[in-house]
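A.B. asks: Structure, please.
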Amino acid sequence: MAAYALNEAAVARARALIDARQYVLDSDWGATQPDATAQNAYLEQHSWDEYAAWHLGLTEGAADETKARYAFVYGDFRRVHRSGLIACVYRAAEWRHKAVELAAHDLLQQLDEVSG
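C.D. replies: Numbering: from 1, shown residues only. Take a look at the predicted model:
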């Protein structure tokens, strides 16, 4: 099983987006989560650092500037999705990636507080 480090830059980016009210409260994450085509299109216009900022986890041992390096996407490359954060909490908890789980949970609490 892969091991993940918490991507602190992604946590900071998500917090900033939430504070700026750049979020979606109700979405079908299975349909909204960026697929390979959306990821490639984003990378054509943005840096790897910008791509990384949308992922709460960094795959340990994977090379930087590869898609394999980044895990636990929480948004659609424009906004945070509440359903994306829930998916991150669930997946991280399921596979015992505690740092990612707790960060996603904290972000979810922040989003719920800000959105009322």
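A.B. asks: And the helix with the most length in the chain, what's buried?
C.D. replies: Criterion DSSP state H: the longest helix present in the chain is helix 98-115. Buried residues in helix 98-115, counting neighbours by 16 or more other CB atoms under 10 Å, are found at 99-101, 103-105, 107-108, 110-111. C-beta: built from backbone N, CA, C; applies to glycine.
A.B. asks: This protein: helices as residue ranges?
C.D. replies: Under DSSP H, the chain gives helices at 8-19, 29-32, 36-45, 48-52, 82-94, 98-115.
A.B. asks: Out of the ones you listed, which is the most enclosed?
C.D. replies: Mean neighbour count (mean count of other CB atoms under 10 Å) peaks for helix 82-94 among those, with a mean of 19.
A.B. asks: Show me what the mean pLDDT comes to for that one.
C.D. replies: Helix 82-94 comes out with an average pLDDT of 98.
A.B. asks: What helices and strands are in contact with it?
C.D. replies: Counting contacts by 3 or more CB pairs under 8 Å, 6 or more residues apart in numbering; DSSP states H and E, helix 82-94 packs against strand 23-24, helix 29-32, strand 55-59, strand 70-73, helix 98-115.
A.B. asks: ok so, going back, and the buried residues of helix 98-115 as CSV, adding pLDDT?
C.D. replies: CSV is the format used below for the buried residues of helix 98-115 (pLDDT from 0 to 100):
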residue, pLDDT
99, 98
100, 98
101, 98
103, 98
104, 98
105, 98
107, 98
108, 98
110, 98
111, 98
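A.B. asks: Tabulate the helices of the chain (JSON lines), appending distance to residue 73.
C.D. replies: Putting the helices of the chain into JSON lines (distance: least, CB to CB, whole Å) gives the following:
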{"stretch": "helix 8-19", "distance to residue 73": "9"}
{"stretch": "helix 29-32", "distance to residue 73": "10"}
{"stretch": "helix 36-45", "distance to residue 73": "9"}
{"stretch": "helix 48-52", "distance to residue 73": "10"}
{"stretch": "helix 82-94", "distance to residue 73": "7"}
{"stretch": "helix 98-115", "distance to residue 73": "11"}
